[in-house]
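*Asks:* predicted structure and sequence below. I'll ask about it afterward.
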2 protein chains.
Amino acid sequence: MRKRKVPDVVINRLPLYLRVLAEIDAEQSPIISSFELGERTGITPGQIRKDLSFFGVFGKQGVGYEISTLRVELCRILHLDRVVNVGLVGVGKLGEAFLRYGAGRQREVLNREGLIIKAAFDQDQQKIGRRIAGVEILPVEQLPELITQLRLSIIILTVPAGVAQSVFDTCVASGIKAFLNFAPVKLQIPAGIRVHHADFTLQLESLAYYS
Amino acid sequence: MRKRKVPDVVINRLPLYLRVLAEIDAEQSPIISSFELGERTGITPGQIRKDLSFFGVFGKQGVGYEISTLRVELCRILHLDRVVNVGLVGVGKLGEAFLRYGAGRQREVLNREGLIIKAAFDQDQQKIGRRIAGVEILPVEQLPELITQLRLSIIILTVPAGVAQSVFDTCVASGIKAFLNFAPVKLQIPAGIRVHHADFTLQLESLAYYS
């Protein structure tokens, strides 16, 4: 499917296109031009056409993109046309907050588009077996077996900085290729592994404009 | 300064340009072309030139942008050339996690670029007067006075969904114009007020591509 290396920033824009298309689809328009999509996303039509051309997706000249087809195509590209099982490691304050947040979003967004938080992991015996927002807490020692067994393919790291690298390495050794990292640490990342860092600083910096 | 309405997505890209410029500045190049900046940010040169032209910032034709000048200019546009005091309301699990996260980033990023978490607020008498990562917890009842007194200009909302609207309204009435909202609730937002929603869903969706 990936004929040539697609820049990460292009991939990062696809969920935004998908969200806008979902909004417009509800308004029951059949077609959208890259100009309109640009108006709604704040991304230039040229950038949108270039982004989509990476995947061989082309609108009709002078007409635009068929919305329902483009949604299906973007879901397929992002692997959201199937269930994607997510695991969370580290049920401290942040981990617990994330599970409750995830639960709030689950019905609204996560579930609908294939993402599901399947299990959480911790080392604290007191926590194991408990459920938070419906997600069971499992022993972190069994992470390698359970990653395979539960078919987890994305891991959210909410562990303390000191253990982040070793937990990360364990997950990589167990076949995980995609991470959302909340631990405030610079990880050593092997080639072929994708890590998104939860970064509130950029958001706060752009808010300063409005302050 | 704001001659015409700048789209929010343009503002959201400025901190990214600033970050890349900071990285390059450390490498001691004096000039960057919009093409190079595009390579580093994954944004097309055309989009970059359009974004900067909103603020009357133009590179020299065929040469590029002077990095140090562009950094100063972007800081000025984002109001990061002065101290921006941030307050956090709701010191539950997420609020506490954020304060510790903020403390980790403070030295690295927040402080340097003018953003500082000045105070936290909660209604729990047990918590008031405590400090988390150096930030004092103050009584939420005094929020209106303290917003003025401490010159807060951005509020991070980490309160439960049920009280988010009323806390938000109080802050707006006290002059706050910019919010980072973690409460899983759709707020009623008056004109002229900017709210960024912490949204991990888009990040997880783009991660699915790599999974």
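*Replies:* That came through fine. Numbering: from 1, shown residues only, chains lettered A, B, ... in the order given.
*Asks:* need the contact list for the residue lying closest to residue A:175 once chain neighbours are set aside.
*Replies:* In this structure, residue A:175 finds its nearest non-sequential neighbour in residue A:147, 6.6 Å apart by Cβ to Cβ, 6 or more residues apart in numbering or on different chains. C-beta: built from backbone N, CA, C; applies to glycine. Under the criterion of Cβ atoms under 8 Å, 6 or more residues apart in numbering or on different chains, the neighbours of residue A:147 are A:87, A:155, A:171, A:174-176.
*Asks:* repeat that with 10 Å
*Replies:* Neighbour list for residue A:147: A:85, A:87, A:119, A:121, A:153, A:155, A:170-171, A:173-176 [criterion: Cβ atoms under 10 Å, 6 or more residues apart in numbering or on different chains].
*Asks:* closest to residue A:183 out of these?
*Replies:* Distances from the contacts of residue A:147 to residue A:183 were compared by Cβ to Cβ; the smallest belongs to residue A:155, at 11.6 Å.
*Asks:* how far away is that closest one from residue A:194?
*Replies:* Summarising the geometry, the distance separating residue A:155 from residue A:194, computed by Cβ to Cβ, to the nearest Å, is 11 Å.
*Asks:* adjacent strands (with direction) for the longest strand along chain A?
*Replies:* Across chain A, the strand with the greatest residue count (assigned by DSSP state E) is strand A:115-122. Strand A:115-122 has these partner strands in its sheet, going by DSSP bridges: strand A:84-89 (parallel), strand A:135-139 (parallel).
*Asks:* can you mark which positions in it are buried?
*Replies:* A:115, A:117-122 (16 or more other Cβ atoms under 10 Å in any protein chain shown).
*Asks:* and after it, which helix or strand comes next?
*Replies:* Moving toward the C-terminus from strand A:115-122, the first helix or strand encountered (DSSP states H and E) is strand A:131-132.
*Asks:* joint contacts of residue A:155 and residue A:194?
*Replies:* Common neighbours of residue A:155 and residue A:194, counting by Cβ under 10 Å, 6+ apart, are A:176-180, B:207, B:211.
*Asks:* count the neighbours of residue A:33 for me.
*Replies:* Using other Cβ atoms under 10 Å in any protein chain shown, residue A:33 has 16 other residues around it.
*Asks:* what do you get for the one 3 residues further on?
*Replies:* Counted with other Cβ under 10 Å, the neighbours of residue A:36 add up to 17.
*Asks:* partners of the nearest residue to it once chain neighbours are set aside in the sheet?
*Replies:* Counting by Cβ to Cβ, 6+ apart, the nearest residue to residue A:36 once its immediate chain neighbours are dropped is residue A:64, at 7.3 Å. According to DSSP bridges, residue A:60 are recorded as the beta-bridge partners of residue A:64.
*Asks:* from memory residue A:64 sits against residue A:37, does it?
*Replies:* Yes: with the criterion set as Cβ atoms under 10 Å, residue A:64 and residue A:37 qualify as a contacting pair; they are 8.1 Å apart.
*Asks:* quick one: which of these two has more around it?
*Replies:* Neighbours per residue (other Cβ under 10 Å) separate residue A:64 from residue A:37, with residue A:37 holding more: 24 against 18.
*Asks:* which pLDDT value goes with that one?
*Replies:* The score at residue A:37 is 88. That number is its pLDDT.
*Asks:* quick one, helices of chain A?
*Replies:* Secondary structure of chain A (DSSP state H): helices at A:8-26, A:34-41, A:45-53, A:67-77, A:93-105, A:143-149, A:161-173, A:200-208.
*Asks:* any idea which of those helices scores lowest on pLDDT?
*Replies:* Ranked on mean pLDDT, the bottom entry among the helices of chain A is helix A:93-105, at a mean of 74.
*Asks:* which residues touch residue A:13?
*Replies:* With Cβ under 10 Å, 6+ apart as the criterion, the residues that contact residue A:13 are A:7, A:41, A:43, A:47-48, A:51-52, B:42-43, B:202, B:206.
*Asks:* likewise residue A:160?
*Replies:* For residue A:160, the contacting residues are A:90, A:92, A:94, A:167, A:183-185, B:100, taking Cβ under 10 Å, 6+ apart as the criterion.
*Asks:* repeat that with 7 Å
*Replies:* Going by Cβ atoms under 7 Å, 6 or more residues apart in numbering or on different chains, residue A:160 touches residue A:183.
*Asks:* over to it: give its phi and psi.
*Replies:* Listed backbone geometry of residue A:160 is phi -60, psi 150, with angles given as degrees, to the nearest 10.
*Asks:* isn't the residue nearest to residue A:36 right up against residue A:32?
*Replies:* Yes: A contact is recorded between residue A:64 and residue A:32 when judged using Cβ atoms under 7 Å, the distance being 5.2 Å.
*Asks:* do stretch A:186-202 and chain B meet?
*Replies:* Yes: using Cβ under 7 Å from any Cβ of the partner chain as the criterion, contacts between stretch A:186-202 and chain B involve A:194, A:196, A:198, A:200-202.
*Asks:* determine how far that stretch lies from the middle of the whole chain.
*Replies:* Averaged C-alpha coordinates place stretch A:186-202 at 13 Å from its chain's average position (Cα atoms, centre = their mean, to the nearest Å).
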